[in-house]
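Q: fold the stuff below for me.
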Amino acid sequence: MKYDIIIIGSGPGGYVAAIRAAQLGKRVALVERAEPGGVCLNWGCIPTKALLKSAQVYGYCKAAAGYGIELAGEVRPDLAKIVARSRTVAETMSKGVQFLLKKNGIELIGGFGRLTAPGRVEVDGTAYEADHVILATGARPRELPFVPIDGERVITSRQALTLTRLPETMIVIGSGAIGSEFAGFYATLGTKVTLVEYQPRLMPLEDEEVSKYMERSFRKLRAAVLTSTAVKAVRVDAEGRCEVDIEGRKGAETLTAEVVLAAAGIKSNIEGIGLEELGVAVERDKIRVDEFYRTSVPGVYAIGDIVPGPALAHVASAEAVCCVEAICGLDPQPVDYTTIPSCVYTTPEVASVGLTEEQARERGIDSKVGRFPFTASGKATAAGDRDGFVKLIFDEEERLIGAHLVGGSVTEMIAEPTLARALGVTAHRIARTVHAHPTMNEGMAEAAEAALGAAIHL
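A: From the prediction side, this is the model:
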């Protein structure tokens with residue numbers, strides 16, 4: 001059967017590409033070997049947020065007395081029910097994707113898809129043809145040779161989503177978004193967590209002030225944080241206990257825990273999909289593409305985690321739209337990778353966009369920095385959650401070049417500085433934009449005022 005476009009992979013890149021292509025009148029097929037929606041909807045972004053919401057509610061219950069609420073009986077988490085709710089949320093979203101595909105007349109083909117020639121895709125032995133093929137096969141947890149995954153004691157994020165019993169102790173290797181979110185979740189529920197990070201600071205991709213603040217936040221959860229620490233080996237002893245050999249500031253030592261979670265990054269799913277046979281250029285596990293996601297082979301495109309750039313769901317979706325619109329001759333604007341927001345859904349949340357203060361210095365930018373702590377926020381005080389701050393970075397012309405937020409709901413707040421960054425908005429414009437009161441978002445205007453030396457509430 002001949003299609004205009006065949007897309008392999010139905011995650012936030014694949015299904016968005018399919019829907020946009022159908023909207024533009026193309027005959028589209030979407031190939032998926034697992035659940036529609038990919039890892040994000042089924043085993044990543046969405047179910048983890050459901051788990052974290054349960055942990056947040058548990059935290060509210062434990063703090064209820066501080067809000068004048070008396071709860072009768074013991075408040076305790078039921079991991080089985082928390083996981084069941086998370087799976088229901090994931091299934092609901094996956095069904096939503098299936099509905100959208102059907103609504104837009106997209107054929108969903110189940111199975112493993114691979115390129116056999118330009119414009120030709122084989123799915124479990126059946127051949128399909130298309131004028132254009134978009135690869136959107138995503139990524140999986142990266143496995144380290146010295147961390148043998150068994151799925152029970154030594155696990156990845158996939159198994160961390162569905163544990164049947166709350167472990168007493170857990171060692172988390174890696175403090176990126178995945179490691180930090182799971183460390184926060186299990187620590188909140190009562191697991192004694194040790195977070196191990198190879199880099200000198202926690203959440204190493206974030207601004208240094210954010211990293212330091214979050215290290216203190218994890219310690220408030222009674223989680224141990226070991227930075228500048230290398231994991232040398234992981235093994236399971238005869239009694240089923242995990243032993244982790246590390247080398248850090250105190251030298252070599254061995255940690256023990258009931259469970260070890262390996263969260264040291266992801267690996268692109270590019271094996272076995274026909275890249276070598278067609279001569280598609282690959283560099284460092286990423287497919288080489290141009291600004292419209294064309295590969296080195298005409299008619300073959302790639303988007304999402306398998307191409308260079310941030311491995312984020314919203315990035316894959318943006319790339320999908322750009323790629324499809326280019327195929328359809330709409331002359332879209334290339335994705336601006338300098339305005340990609342990043343979010344970590346810990347407690348408190350972390351959100352950022354643009355340059356860190358350190359990056360600005362490295363580029364020789366004489367920046368102005370404005371800060372606003374949520375301890376000065378009426379909304380945060382009323383909510384009983386005064387953790388965190390807003391930090392805005394401006395260049396010599398007072399244009400916003402970076403924003404770094406820690407606190408409640410900052411993953412929602414990051415949209416404003418992202419738009420401001422994209423439009424080249426100045427500190428004066430942000431400060432003079434009237435923000436509703438009382439809101440957490442007032443912190444944006446207050447931080448801009450601080451950068452201008454005109455802060456009122458500090």
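Q: what bits of the protein have low per-residue confidence?
A: 455-458 (pLDDT under 70).
Q: quickly list the domain ranges of it.
A: What the record gives for the chain is the domain set 2-141+267-337, 154-264, 348-451, from automatic domain parsing.
Q: so how far is the helix or strand hosting residue 3 off the chain centroid?
A: If you go by DSSP states H and E, residue 3 is part of strand 2-8. Taking CA atoms, centre = their mean, to the nearest Å, one finds the center of strand 2-8 at 28 Å from the center of the full chain.
Q: also stretch 118-132?
A: Worked out by CA atoms, centre = their mean, stretch 118-132 lies 31 Å from the chain centre.
Q: quick check: next helix or strand after the strand holding residue 3?
A: helix 14-23.
Q: export that following helix to PDB, keeping only CA atoms.
A: Extracted in PDB, the C-alpha atoms of helix 14-23 (Å, rounded to 0.1, in the frame of the first residue of the first chain):
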ATOM      1  CA  GLY A  14       5.600  10.600  15.800                       C
ATOM      2  CA  TYR A  15       1.900  11.100  16.600                       C
ATOM      3  CA  VAL A  16       2.200  14.900  16.300                       C
ATOM      4  CA  ALA A  17       3.800  14.500  12.900                       C
ATOM      5  CA  ALA A  18       1.100  12.200  11.800                       C
ATOM      6  CA  ILE A  19      -1.700  14.500  12.900                       C
ATOM      7  CA  ARG A  20      -0.200  17.600  11.300                       C
ATOM      8  CA  ALA A  21       0.400  15.700   8.000                       C
ATOM      9  CA  ALA A  22      -3.200  14.500   8.000                       C
ATOM     10  CA  GLN A  23      -4.400  18.100   8.700                       C
END
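Q: residues of it that come out buried?
A: 14, 15, 16, 17, 18, 19, 20, 21, 22 (16 or more other CB atoms under 10 Å). Yep, even glycine has a C-beta here, placed from its N, CA and C like the rest.
Q: who's in contact with the second one?
A: The contact partners of residue 15, taken as CB atoms under 8 Å, 6 or more residues apart in numbering, are 30, 36, 37, 38, 97, 100, 101.
Q: residues in contact with the second one?
A: When contacts are counted by CB under 8 Å, 6+ apart, residue 36 touches 10, 15, 30, 94, 97, 98, 101, 108.
Q: give me the distance between the two termini of stretch 225-239.
A: Using CA to CA, to the nearest Å, one end of stretch 225-239 lies 26 Å from the other.
Q: what of stretch 282-292?
A: Using CA to CA, first and last residues of stretch 282-292 are 16 Å apart.
Q: hmm, who's touching it?
A: 135, 267-268, 270, 275, 280-281, 295-296, 301-303, 306-308, 322-323, 326, 332, 334-335.
Q: and if you look at stretch 117-125?
A: Taking CB under 8 Å, 6+ apart as the rule, stretch 117-125 contacts 6, 8, 31, 109-116, 127-133, 278, 297-300.
Q: at 10 Å what do you get?
A: Stretch 117-125 is touched from outside by 2-3, 6-8, 29, 31-33, 109-116, 127-133, 135, 273-274, 277-280, 297-300, with contacts defined as CB atoms under 10 Å, 6 or more residues apart in numbering.
Q: which of the residues you listed fall within helices?
A: Taking DSSP state H, the ones among those that sit in helices are 277, 278.
Q: which of the contacts of stretch 117-125 count as buried?
A: Buried among these by 16+ other CB under 10 Å: 3, 6-8, 29, 31-32, 109, 112-115, 128, 130, 132-133, 135, 273-274, 278, 280, 297, 299-300.
Q: same list, the domains of the chain, but as CSV with distance to residue 148 please.
A: Output for the domains of the chain, formatted as CSV (distance: least, CB to CB, whole Å):
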stretch, distance to residue 148
domain 2-141+267-337, 13
domain 154-264, 6
domain 348-451, 31
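Q: quick one: closest of those domains to residue 147.
A: Residue 147 lies closest to domain 154-264 among the domains of the chain, at 4.6 Å (CB to CB).
Q: distance between the ends of that closest one?
A: Where domain 154-264 begins and where it ends lie 13 Å apart, using CA to CA.
Q: partner strands of the top strand by length along the chain and their direction?
A: Identified as the longest strand of the chain according to DSSP state E is strand 126-135. Note on strand 126-135: by DSSP bridges, its sheet partners are strand 2-8 (parallel), strand 120-123 (antiparallel), strand 300-302 (parallel).
Q: so after the last one, what's the next helix or strand?
A: Heading C-terminal from strand 300-302, the first helix or strand you meet, by DSSP H and E, is helix 313-327.
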